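Enquirer: This is a predicted model, with the sequence first.
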Amino acid sequence: MREQAWLRGAILVFWTLFWGLSVVDKIVPDVTHLWVGKDFFALFVKFFASLKLKDPMFATVALAGVSGLEAVNFTLYGTALVALLRGDAGRAETWFYRGIVTSLGLFVLFSMGDQVFGDRFQLLEHGLFWMVLLASWIAFKFFAVDEEHSGGLGSVRTVLLLGALLTLGATWSIRDFSSQTFHNVDKPVLGVEVVEGMWKFDFPFLADKLVWEQTVNAFVEEHPELKVTYIYTGPSELNSKKKTHLLLYVFTERR
Amino acid sequence: MTNSPSSKSSSHWLKLGILVYWTLFWLFNVVDKVIGGAHFLWVGRDRFAQFQKYFASAGLDAPWVADAGLVVAAALEIFALLFCAGSVIHFMKRREDMARIWFFVGVLLTMATFTLFSIGDHLFGDRFELLEHTLFWFITLVSWVAFTRLKDVHLPTLSQHKPVGMIVVAALLVLATSASIFRHNDRFFHRRTSAVDAVQVGDHLYKVSFPFLGGSTVFEESIRLFKETHPGETIDHIYTVPNPLRLKKADALIFYISTEAS
């Protein structure tokens, strides 16, 4: 097994997909069938508005500039990947290096923006991506000068059999859990009166706005003698960490 | 200080540590997929709910789509686990070349898994998970580099002199921290369930400041206590103080109860 080629391939595939999908996210700017993505236009408009630059042209030009750089990045990584697949390691390395330099530059640009707009979390995010890019180059180049290791795995029949059995077991478990819980997608939640006139609803993880509407309607139908006076959404501090998804309290009084 | 050639090299334990880490990492991920849901002694993460919501947001709300996504992820994780576990066995049996090649397949499967997850993160617009998966992808790469680059070197053996001072300081610190933790538990664990008094801060306006231990039980008990101690008032509204209005880490949950006379 040629470790060097496989590892280089894995690195190039990751970054080619990373930039390719970033470009797709800009080409498909809104939520559509089979694509959600992130609304970068809204993000940029808000960023520039916070600088008192409310004309959407600023955000549009900035986003177009960034997208253009990402598209260039993608073509550089794509060219490197194609070269590697064709067995031209030297050419792959040169194009990957060009991609790395331009992407590092792009993350420097993003980091400057994060500082200007005061978004420290995005600054950390972009700083980490910058570091991972740099490390990817080191790993790519590092192995380029490494002695080649190759060898066989030996017999893997047992592993394949065990893996297939475990996958079957996991599939059964996933299907079973799915069939047991999928009804939570639209089933109303039952309330418990925890204090006189105060009802608690413990929403499952699958629940969304549809469940909320079903729950309130079902509650009103089941308790015609009660009038809902107030609904309080329990803040995250009331949840027992990962076990509770959303707590809703409904306050009532007798009609 | 002298070298002890008979002892195992420092690299041996670090390499074993890398292999054990990834084996346990995937083992627990696979167990999390198989268990599904929160149970006694296992909470895990409801991946089915997460996948279902992701795919539903992209217009694919049939449960089999989420199931299929989870099965593919589980299969990759299972094979990554088996190759990492196989690598540990080879390594323990001192078959280092085999351990290396088995771990390499485990690394490739791990990187493939995180690459697949990253595609999903782009598609579903979850930038935090994209960062998380990119970092795991990076940690996998670094683990491989560390595993293959660690040289077999022996640490210098320390002289026979026992570090009495260090042992005494460590023991005292262990005692001090344990005593402090147990005392805090004795004095404050009741905050997990005890009702909190509401303080009147305005006309028909009451403030409830939660302790950090407080959860839904404290909230419900506090409302019960408030109703008992203020029978002439009806709760009109509860306002939760948003994070920007709290004193950074010093304030836990604070809410105000607005009332009107019954």
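Expert: Received the coordinates, thanks.
Enquirer: Please list the residues of the stretch 51-200 of chain A that sit near chain B.
Expert: Within the stretch 51-200 of chain A, the residues that sit near chain B (C-beta under 8 Å from any C-beta of the partner chain) are A:125, A:128-129, A:131-132, A:135-136, A:139, A:142, A:149, A:151-154, A:159, A:162-163, A:166-167, A:169-171, A:173-179, A:181-182, A:185, A:194-198, A:200. Heads up, the C-betas are built off the backbone N, CA and C, glycines and all.
Enquirer: Please pick the buried ones from these.
Expert: Among these, those scoring as buried are A:125, A:129, A:132, A:135-136, A:139, A:159, A:162-163, A:166-167, A:170-171, A:173-175, A:177-178, A:181-182, A:185, A:194-195, A:197-198, A:200 (criterion: 16 or more other C-beta atoms under 10 Å in any protein chain shown).
Enquirer: so of these, which ones are in strands?
Expert: A:V194, A:V195, A:M198, A:K200 (DSSP state E).
Enquirer: what separates the closest residue to chain A within the stretch 151-262 of chain B from B:A198, distance-wise?
Expert: Closest residue of the stretch 151-262 of chain B to chain A, C-beta to the nearest C-beta: B:L253 (4.0 Å). Separation of B:L253 from B:A198 (C-beta to C-beta, to the nearest Å) stands at 13 Å.
Enquirer: B:V72 now?
Expert: Using C-beta to C-beta, B:V72 is found at 52 Å from B:A198.
Enquirer: quick one: which of these two has more around it?
Expert: Higher neighbour count among B:V72 and B:A198: B:A198, with 21 against 13, using other C-beta atoms under 10 Å in any protein chain shown.
Enquirer: what's A:L81 in contact with, if anything?
Expert: Applying C-beta atoms under 8 Å, 6 or more residues apart in numbering or on different chains, we find A:L81 in contact with A:G9, A:L12, A:V13, A:T16, A:A92.
Enquirer: One more: B:F210?
Expert: Contacts of B:F210 (C-beta under 8 Å, 6+ apart): A:E237, B:V196, B:V218, B:F219, B:A252, B:L253, B:I254, B:F255.
Enquirer: For B:A170, state which of those is nearest.
Expert: Within these, the smallest distance to B:A170 is 33.1 Å, found for B:A252 (C-beta to C-beta).
Enquirer: Can you give the domain ranges for the chain?
Expert: Using chain A. Under the assignment automatic domain parsing, the domains of chain A span A:3-144, A:185-254.
Enquirer: was after chain B, sorry
Expert: Split by automatic domain parsing, chain B gives B:7-149, B:192-261.
Enquirer: CSV for the ones you listed, including distance to A:L206?
Expert: Formatted as CSV, the domains of chain B follow (distance: least, C-beta to C-beta, whole Å):
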stretch, distance to A:L206
domain B:7-149, 5
domain B:192-261, 20
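Enquirer: Could you double-check that B:E260 lies in contact with B:D236?
Expert: Yes - using C-beta atoms under 8 Å, B:E260 makes contact with B:D236 at a distance of 4.9 Å.
Enquirer: Which residue ranges of the chain form helices?
Expert: Here I'm looking at chain A. A:3-27, A:40-50, A:56-85, A:89-117, A:120-144, A:157-181, A:209-222 (DSSP state H).
Enquirer: look at chain B instead
Expert: For chain B, the helices defined by DSSP H cover B:10-35, B:47-57, B:63-92, B:96-124, B:127-149, B:164-188, B:216-229.
Enquirer: Check the ones you listed for me: which has the lowest mean pLDDT.
Expert: Within the helices of chain B, confidence is poorest for helix B:47-57, with a mean of 92 (mean pLDDT).
Enquirer: quick one: that helix to helix B:63-92, angle?
Expert: Taking axes from the mean of the first three to the mean of the last three C-alpha atoms, to 10 degrees, helix B:47-57 and helix B:63-92 form an angle of 130 degrees between their directions.
Enquirer: Helix B:47-57 vs chain A: in contact?
Expert: Yes - judged by C-beta under 8 Å from any C-beta, helix B:47-57 and chain A are in contact via B:F48, B:A49, B:Q50, B:Q52, B:K53, B:Y54, B:S57.
Enquirer: List just the nearest of those residues to A:I100.
Expert: Out of the residues of helix B:47-57 next to chain A, the member with the shortest distance to A:I100 (by C-beta to C-beta) is B:Y54, at 30.6 Å.
Enquirer: Could you pull up the contacting residues of the closest one?
Expert: Contacts of B:Y54 were listed using C-beta under 8 Å, 6+ apart, and they are A:V36, B:A66, B:G120, B:F124, B:D126.
Enquirer: Highest neighbour count among those residues?
Expert: Busiest of the contacts of B:Y54 [other C-beta under 10 Å] is B:A66, holding 25 neighbours.
Enquirer: still on that earlier bit, which members of the ones in strands among the buried ones among the residues of the stretch 51-200 of chain A next to chain B define the maximum pairwise distance?
Expert: Maximum distance among these (C-beta to C-beta): 8.7 Å, for A:V195 and A:K200.
Enquirer: so what's in contact with these two at the same time?
Expert: Shared contacts of A:V195 and A:K200, counting by C-beta under 8 Å, 6+ apart, come down to B:E220.
Enquirer: Give me the distance between the residue of the stretch 51-200 of chain A found nearest chain B and A:H245.
Expert: In the stretch 51-200 of chain A, the residue that lies nearest chain B is A:F177 (3.5 Å; C-beta to the nearest C-beta). Distance of A:F177 to A:H245, given as C-beta to C-beta: 16 Å.
Enquirer: B:S180 too?
Expert: From B:S180 to A:H245 the distance is 35 Å (C-beta to C-beta).
Enquirer: These two: which is more packed in?
Expert: Remark: of B:S180 and A:H245, A:H245 carries more neighbours, 15 against 10, as counted by other C-beta under 10 Å.
Enquirer: Nearest to chain A within the stretch 101-250 of chain B, name that residue for me.
Expert: Taking C-beta to the nearest C-beta, the stretch 101-250 of chain B has B:H122 as its residue nearest chain A, at 3.7 Å.
Enquirer: That residue contacts A:D25, doesn't it?
Expert: Yes - between B:H122 and A:D25 there is a contact under C-beta under 8 Å: 6.2 Å.
Enquirer: Can you work out which residues contact both of those two?
Expert: By the contact definition C-beta under 8 Å, 6+ apart, B:H122 and A:D25 are jointly contacted by A:G37.
Enquirer: Run a quick neighbour tally on B:V241.
Expert: 15.
Enquirer: for B:A75, same thing?
Expert: 21.
Enquirer: And the one 10 residues further on, by the same measure?
Expert: With neighbours defined by other C-beta under 10 Å, the count for B:A85 comes to 21.
Enquirer: try B:V145
Expert: Count around B:V145 with other C-beta under 10 Å applied: 18.
Enquirer: Please name the nearest non-neighbouring residue to whichever residue of the stretch 1-150 of chain A sits closest to chain B.
Expert: At 3.7 Å from chain B, A:L21 is the closest residue in the stretch 1-150 of chain A, using C-beta to the nearest C-beta. Nearest non-adjacent residue to A:L21, counting by C-beta to C-beta, 6 or more residues apart in numbering or on different chains: B:H122, 3.7 Å away.
Enquirer: any idea how far B:L70 is from A:F205?
Expert: From A:F205 to B:L70 the distance is 14 Å (C-beta to C-beta).
Enquirer: The two: who's more crowded?
Expert: Comparing A:F205 with B:L70 by other C-beta under 10 Å, the one with more neighbours is B:L70, at 24 against 21.
Enquirer: tell me, what residue is most central in chain B?
Expert: B:G44 (9.5 Å; C-alpha atoms, centre = their mean).
Enquirer: what sits against that one?
Expert: Shown in contact with B:G44 (C-beta under 8 Å, 6+ apart): A:K242, B:V31, B:D32, B:I35, B:G36, B:G37, B:A38.
Enquirer: now, the most widely separated pair of those residues?
Expert: A:K242 and B:V31 (15.3 Å).
Enquirer: List the contacts of stretch A:210-224.
Expert: A:184-189, A:191, A:199, A:201, A:203-204, A:228, A:231, A:248, A:250, A:252, A:255.
Enquirer: Can you mark which positions in that stretch are buried?
Expert: In stretch A:210-224, counting by 16+ other C-beta under 10 Å, buried: A:V211, A:W212, A:T215, A:V216, A:F219, A:H223.
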